[in-house]
Every structure is written in structure tokens, then in C-alpha cells.
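Asks: Return atomic coordinates for the entry below.
(2 chains, ligands or ions: 4)
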Amino acid sequence: MKIKIQREELVEYDVASQEGSTLLEVLNFIKTKVDPTLTYSSGCRSSVCGSCAMRANEKEVLACTYKPQDGDVIEPLKNVPLIRDLVVDMDKALEFNAKSKAWLNSCDTTPDVSEEAEKLNEVQSDCILCGSCYSACPVYAVNSEFKGPFSLTRVYKYVSDVRDADVKEKIDTVQSTGIWDCTLCNECTMVCPQDISSKADIEKLRMKSSQYGYMDPNFGNFGGGLSF
Amino acid sequence: MKNKVLVVGAGGAGLVAAINAHDNGSDVTILTKDYPTRSQTSMAQGGINAVLKHSENDSVEEHIANTLKSAAGIANEDEVTKMCSEAPNALEWLDNIGVQFSRTSDGKIAHRRLGGATGDRACYAQDYTGLKILHTLYDQVLKRGIEIKNDMFLLDILTTENKVSGVSVLNKRNGEIEIYEAPAVILATGGYARIYDKHSTNAVGTSGDGLAAAIRAGARVSDMEFVQFHPTALKNSSILISESARGAGGYLLNSKGERFVDELLPRDKVALAIHEEIAKGEDIFLDIRHLGEEFIDHELPQERKLAKLYENVDPVNDLIPIKPVAHYTMGGIEVSKDSQTIVSGLFACGECANHRVHGANRLGGNSLLELVVFGKEAGISASKFAQNTDDIKAASLDSNILDEISEYTNEIDFYELRESMGNMFYKNVGISRDKEALQESLNTVKEYLSKLPLMGVQDKSKIYNTNLIEFLEFKNMLELSRLVLKGALDREESRGAHFRSDYPVIDEAYSKHTIVDINGVVAS
Ligand SMILES: Cc1cc2nc3c(=O)[nH]c(=O)nc-3n(C[C@H](O)[C@H](O)[C@H](O)COP(=O)(O)OP(=O)(O)OC[C@H]3O[C@@H](n4cnc5c(N)ncnc54)[C@H](O)[C@@H]3O)c2cc1C
Ligand code: SF4
Ligand code: SF4
Ligand code: FES
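Replies: Ligands and ions are numbered 1, 2, ... in the order given. As a prediction, this is how the structure comes out:
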């Protein structure tokens, strides 16, 4: 089996001995036996730490779960600054969690969380912050300040939590460069290893926003027709 | 500067410490070799122990008693009492900040039973307890605006006259050494079970860097010989198959299809039984086929996914090949009652520290609890310490390890030695040990240490040089391996996770801690 890895240039490796292995095992083989300069990140090896997200044939995968095939082309994530080979700088992407206030504002007294209330946002709390959705999102090509799929999913997680004392603050925060900038293209959903749909979460946040009196600004513009 | 606290490591322990130091008025910076959410804490599945108000047929006293029993006589009763009594508060705090715990039908945090517990005591968040705790802590760190420096590899702790003055780190992104000054430093860098290389459930970076740096700075470590083996990891990948598979009625079988041990005994006993079968030439399997597809998909979906992916077997129809592997390191940096080491201003918490609560064998679910309880203690203590320190010394670097390494000749491939050391540790310093095997391993480790200058790194780039990082980790692992072996050789008895086939029983003369400084065993 031959795979190509995007480094400074595209480099082909023959890894016939690694048939049936995960991509991460193949990378480890190359690193320790063939070329110690190959650079990538990994941690848990079991799809829960989010370190090893990259792209295989232009689709985001976790290297520790993806089984490579002959002819695969492996590249780093998109929309984030490249550091080296398959390692990217996630600092700015992660900052959107803070910019979106994706955390719980504590209550004075904690309500009991019912089983149903817990299930409401259980899947959103499965996010491993791998950044796959961020890499797949087309909005960044035109808007680098978009708060983005994983941050907005996280906001939804807290907004729908019965323990949060100040939902409005978060809804206010995601109005600009947030929920309305999403094109609802669903690319994020297609690549999430944890079966999270940020698109669906963004739609739910839009609904919540209307409860707080916000309107779709795009809709307003088209309707009014005077602002341009 | 007077109220500055540096936290090194951003797993559960580091984040809890950072939050508490911040909330007690300190200016906190977190330094970590990855990103916080990539820490090993994300991997914990089983749960976190706490007796809560609604717990039935359970009590804090039982929690204490179970912990002490499992510890086989060398835990500190006061510290265990502190941890177990604080557990309900710790859980309440986690619940208040938004951890998505699984719930009972009446809205209470759900409990399940883990090995060695007399009650259903482990609070859990589906199969993702560690992940959800870690991410919630991370969100709280962001909420407070605490500074996080990602991709910073701890090199050394800087001291003057046995007082902390800061740390030196390698900035992975540009290859430069940076110095951070502070009167108080908290180490929360995790354990060292990767000395067993691929025979470990641990995340790849679990190389004990913090322990090695602490030792070099004059601190002491203790109980290094106690390494817990988990009975059921996948045979090829060493990925953990949760205890819940056996809890649900899974069998352990040998190649002849025979059961050979009561699957519900504590971890050390089951691991030893498997080890003995393997020594006879048997392959060992976990069998959950009889539980049925519906049950497996509902109750053990993660296990099915992992077995298919990493072992190419479907547990609904096939046996799962398993082996016991290194899982948790009880040994750690020696700390006093305020989580401080003997180096003034240096604190430690989490798996890298030894708060003497696990003794010779840790109880499942107590590690996540430990890092919340003692992470808080370390954060508060360090914060107080920083605020009360007046004579702040400037930190400086007296030698540069990277310059040294650049002189190394690179004749020997350290990746090969890392692998052979892991294999040797699994064989000789694993579940069963004896004098001869330990001595042989110690000789090998010493030989490797002396050959470090013949190793080195092939990658000369300054940018994100993981070849260099892995070499620094290997060096740390070698330094710690020597201390593990020293402890294991000196302890001529069998206790908890330390089983000496040449001294198969417990010996009261050894009811003490093995405390080591850089020169060897110094006290108990
Ligand atoms: C598969 C698995 C399942 C587990 N299940 C459970 C369970 O169900 N219940 C339970 O109680 N326990 C469980 N444990 C144990 C528990 O998860 C760990 O003991 C605990 O998470 C350790 O937390 P920590 O914060 O001390 O370290 P870690 O989470 O390992 O974090 C260490 C941090 O230090 C950083 N670091 C390390 N070296 C350096 C350096 N040189 N420079 C800078 N930063 C550095 C790392 O990047 C990381 O951020 C499990 C462990 C494993 C492996
Ligand atoms: S939402 Fe999914 S794809 Fe996006 S960061 Fe989280 S786990 Fe990764
Ligand atoms: S649905 Fe929205 S967030 Fe998701 S990829 Fe498309 S534009 Fe981005
Ligand atoms: S290594 Fe952790 S997700 Fe792949």
C-alpha cells in the first residue's frame, strides 16, 4: 500500500507491511522506522482526545480510527495556520469558545437535572474539540471571524442547560459573526466523529434567538431592500 | 509577580488547580505540552467515586475502608479520609459547573459499581466521564480568562537555594527555550505508565516528565514500584476494554475455552491469574457473545466499536483477544499535607503526585476524585504561598539541555531502545517480578542511560520537532525507570500491584513508603 502525505511537498510512502492498520499506526511506523522528521499529533489512540484530526482524500478523519487505503492522500486540517506537516495551530479556532462565552454561568441554587433534561444536550457534550468541523466549514473562506461550528454547538449545550443562569447573555453574544453567518450547508455534520450536528444546533440557536426578539439579519436586508 | 502561580500540565488536576489558584486571588498561567482538552484525563470512562446524599446502602466510612483495603496497608488514613469526605462536595461542584453526569429517573446523579467497592459509588457521564469533566473544567478556565500557553514542553524547574523561581520550557512551535518566573509552581503532568511503551493503556505523552523534572530540582518521589495493570486491554493495541464488560457478565477464557478465574475479583488478582495462564502458553480472550447483540449494542457500544476497529473482531460473534497492560502509576512526587514538595514553592497534584491515597493499589474511580480534591488543595496552597512570598529570586538557566543534545552523535536509534525497554519492562517488571529479572533490567536501564550521548535526534528542525520531544520524553522515562527498578528490588515482599514471585507474601517490615531522591532510596 502506498500513501501520500502532504509535507512541504507531497511525499509518497510505501507501507505494505502496515496493511489493516489505522492511519495513526501507519504514521507511527513511518516516524519510528522510516523518517523521524514526519510531524503529526496524537494522544489517546482511541478517538477521544481530538489530537489526530487530519484530512484523508479531502475529508476530515481521526487518524486513530481511519483505515488508509492504497493511493490515499493525507493532508492537514484547513482554515487553521499550518505549523509543520500535519500539525496545525488551533489557538485562534479555540478562542472562539471564549468569544462565544461557551461556559456555564452559575446559578444561586442548582436545580436537579432530570433525566430528560440531561439527554437534551448529551450529544453536544460528547464533542472532543478535534476541529474537523472547523476545517470543513466553507464560511472561513470569506469570514475568518465566524464563531464556527464547535463553539456554537458548545453554546447550544450551555444555553439548553437548566443549570445556566444567564442564557440571554450567550444568545446576545452569538448574534454577530455567529449563528446568522452559517450557510446551513451541513459539511460540519458530515465529518464529525462524534455524530454531532453543529448545523442542527445552530438552527436551534436561531429559534431560541427569535424567542429573545432577534431576527435573521439576512432576511431583514432582503425584505427591506433599502440598506443597499 | 508576587501573586503569580504557574501550573504545568492541563489535565483534570492542572485545570482544577488553576481555577482554585485564580479564585484565591492569584495571577495564573497554565503551561502545557499539548492543548488542555487533549490530556489523558479525556480517556477515563468508568467514573468518579463519591458517596452522595441519595446513595443507598453506602457510606463515606465504607468508601474510606474500601480505599484503605485496596491500598494494602500503605495509604495514609488521614489523607484517604480527607479525600473520601470531600467527595460529595467535589461532585456537587462538578455538577454546578455543568458536567453532564448521567441521571437517575428522579434527577439525581447516577451511580455504578466498580471493582473493589462495596457500594454503587462511581458517578459517571455515560462512557465519557473523563472527557466531560475535562471539557467542563476547560470551559471554566476560559470563563475566568486564565492564560493558557499551549505547546510548551516543561524542561526543568528552576530553583535558587531550594526555592522555586520558575520553569524553563521548550516552545514546540519555534524551538526556543522560554523561562517563566514565579514564586509558586504546581506540577500536574500526569503519570509514567508509558515506560511500558505499547503495553500500556495510557496516552502517548504519559512519560512522567514532571516527576523527572521534580527529581532533578531536588524533590523526592515515592512508591515508584507500584504500577497497576488493567486485566483487559486489547491484545495488539493495548486499548482499554472497560471493566463494565466483566461487570455485565463477560467471561475470561484461555485457548482451550476454559474459564480460569473469578472475573469479578479485584484488578491485581485477575491480572495475575491472566498472567499465569499466558506464562503457560495460553492466549486469553474476553467472551461477551452470550450477552447478545441487543444488549451489547445498548450497554457496551464503545467496546464493540473498539474491538472491531483495533482487533478486527466483532464481539457479538467473536472472542476478544486481551492481555493485561500497565494502566496507572501509584508512585509520584512526594508531597506534604498542603500538596507541597520539599522544594519550597513547588506543589504537585494528580497522577504525578503521591498524596498517599492509593497505596499499593488504586481503586477504580478514585483517580478522578483525587485530582479534584487535591487539585483544589494544591491550587489554594500555591496561591497562599505565592502571595506570602517576598524575596522573589530571578530565574535563570545554568545549563541548556538542548545544546547538550545537539552534540549527541545519533549512532543509536532511540525508538528501537524505547520499544525494547517497553517489552523488557512488560516481561521483567510487569505483573510478576523477581530479583534476577529486576536486576537484569536495572543493568539494561543503566546501560541505556550511559548511552544517551550516542542517541539523539535526527530531525534538526527547530519547528515542532516531535523527534526531539520524544527523545526528551524517553530520557525522562529512563531516569524514572531506574527509580521504579530500585524500588522494586528493595521491596522484598508482595503487596498490592507489586508481586515478587521470589517473595510471594506481604511482609510487615515493608509497611512503609519507598521514598527516593535522585541518588536512590533515602527514607521511608
Ligand atoms: C484509558 C483510561 C481510563 C481511565 N479510567 C478512569 C476512571 O474511570 N476513573 C478514574 O478515576 N480514573 C481513570 N483513569 C485514570 C485517570 O484518568 C488519570 O489518572 C487522570 O486522568 C490523570 O489526570 P492528571 O490531570 O493527573 O494527568 P493527565 O490528564 O495525564 O494530564 C497531564 C497534563 O500534563 C501535560 N504534560 C505532561 N508532560 C508535560 C511537559 N513535559 N510539559 C508540559 N506539560 C506536560 C499534558 O499535556 C497534560 O495536559 C483512566 C486512565 C486511562 C488511561
Ligand atoms: S463538533 Fe464534532 S467535529 Fe467539531 S470539534 Fe466537536 S467532535 Fe470535532
Ligand atoms: S452548516 Fe454552518 S457551521 Fe456547519 S459547515 Fe456549514 S456553514 Fe459551517
Ligand atoms: S489520538 Fe486521540 S483522537 Fe486520535
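Asks: near ligand 3 at all, the top helix by length along chain A?
Replies: In chain A, taking DSSP state H as the definition, the longest helix is helix A:198-211. Yes - Helix A:198-211 is in contact with ligand 3 by C-beta under 6 Å from any ligand atom, via A:198-199, A:202. From N, CA and C alone the C-beta is placed, and that goes for glycine too.
Asks: Neighbour-wise, which one of those residues leads?
Replies: Ranked by neighbour count (other C-beta atoms under 10 Å in any protein chain shown), the residues of helix A:198-211 next to ligand 3 have A:Ser198 at the top, with 28 neighbours.
Asks: That one and ligand 1: what is the separation?
Replies: A:Ser198 is 26 Å from ligand 1, where distance means C-beta to the nearest ligand atom, to the nearest Å.
Asks: Quick check: closest non-adjacent residue to that residue.
Replies: Take A:Ser198 and drop its neighbours on the chain: the residue closest to it by C-beta to C-beta, 6 or more residues apart in numbering or on different chains is A:Pro149, 3.4 Å away.
Asks: Test my guess that that neighbour contacts A:Gly131.
Replies: No - in this structure, A:Pro149 sits apart from A:Gly131 without contact. The criterion is C-beta atoms under 8 Å, and the distance is 9.6 Å.
Asks: Please identify the buried residues of stretch B:283-291?
Replies: Within stretch B:283-291, the residues scored as buried using 16 or more other C-beta atoms under 10 Å in any protein chain shown are B:284-289, B:291.
Asks: With pLDDT added, can I get those residues in JSON lines?
Replies: Formatted as JSON lines, the buried residues of stretch B:283-291 follow (pLDDT from 0 to 100):
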{"residue": "B:Ile284", "pLDDT": "97"}
{"residue": "B:Phe285", "pLDDT": "97"}
{"residue": "B:Leu286", "pLDDT": "96"}
{"residue": "B:Asp287", "pLDDT": "95"}
{"residue": "B:Ile288", "pLDDT": "94"}
{"residue": "B:Arg289", "pLDDT": "95"}
{"residue": "B:Leu291", "pLDDT": "92"}
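Asks: need the contact list for B:Val261.
Replies: When the contact criterion is C-beta atoms under 8 Å, 6 or more residues apart in numbering or on different chains, the partners of B:Val261 are B:252, B:269-270, B:273-274.
Asks: Show me which residues of the stretch 1-150 of chain B sit near chain A.
Replies: If contact is defined as C-beta under 8 Å from any C-beta of the partner chain, the residues of the stretch 1-150 of chain B in contact with chain A are B:34-35, B:37-40, B:42-43, B:92, B:95-98, B:100-108, B:125-126, B:128, B:131-132, B:135-136, B:139-140, B:142-143, B:145, B:150.
Asks: ok, and which of those residues reach ligand 1?
Replies: B:34, B:39-40, B:43.
Asks: For those, give me a markdown table that also has secondary structure.
Replies: Conversion of these to a markdown table gives the following (DSSP: H, G, I helix; E, B strand; the rest coil):
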| residue | secondary structure |
| --- | --- |
| B:Asp34 | coil |
| B:Ser39 | coil |
| B:Gln40 | helix |
| B:Met43 | helix |
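Asks: Pick out whichever of the residues you listed sits closest to ligand 3.
Replies: Out of those, the one with the shortest distance to ligand 3 is B:Asp34. That distance is 25.3 Å, counting by C-beta to the nearest ligand atom.
Asks: The closest one: what's it in contact with?
Replies: A:41, A:43, A:51, B:10, B:150-151, B:205.
Asks: try 10 Å
Replies: B:Asp34 makes contact with A:41-43, A:49-51, B:9-11, B:40, B:150-153, B:172, B:203, B:205, according to C-beta atoms under 10 Å, 6 or more residues apart in numbering or on different chains.
Asks: So it versus B:Ala182, what's the distance?
Replies: Separation of B:Asp34 from B:Ala182 (C-beta to C-beta, to the nearest Å) stands at 21 Å.
Asks: Pretty sure A:Ser77 sits in a strand.
Replies: Let me fix one detail, which is that residue A:77 is Leu and not Ser. No - counting by three-state DSSP, A:Leu77 is not found in a strand; it is coil.
Asks: tally of neighbours for it?
Replies: The criterion is other C-beta under 10 Å. On that basis, A:Leu77 has 21 neighbouring residues.
Asks: And what about the residue lying closest to it once chain neighbours are set aside, helix, strand or coil?
Replies: Leaving aside its sequence neighbours, A:Leu77 sits nearest to A:Ser135 (C-beta to C-beta, 6+ apart; 3.8 Å). Assigned by three-state DSSP, the conformation of A:Ser135 is helix.
Asks: OK, contacts around A:Thr173?
Replies: With the criterion set at C-beta under 10 Å, 6+ apart, A:Thr173 makes contact with A:99-102, A:147, A:155.
Asks: Let me know the closest of those residues to A:Leu77.
Replies: Distances from these to A:Leu77 were compared by C-beta to C-beta; the smallest belongs to A:Lys147, at 17.6 Å.
Asks: Identify the residues contacting that closest one.
Replies: Contact criterion C-beta under 10 Å, 6+ apart gives A:95-97, A:99-100, A:102, A:139, A:154-155, A:173-179, A:181-182, A:202 as the residues in contact with A:Lys147.
Asks: try it again with 7 Å
Replies: Applying C-beta atoms under 7 Å, 6 or more residues apart in numbering or on different chains to A:Lys147 gives the contacts A:96, A:99-100, A:174, A:177-178.
Asks: do the same with B:Val372
Replies: When contacts are counted by C-beta under 7 Å, 6+ apart, B:Val372 is found next to B:16, B:90, B:94.
Asks: Now rank those by neighbours and give me the top one.
Replies: If you rank the contacts of B:Val372 by neighbour count (other C-beta under 10 Å), B:Val16 sits at the top with 30 neighbours.
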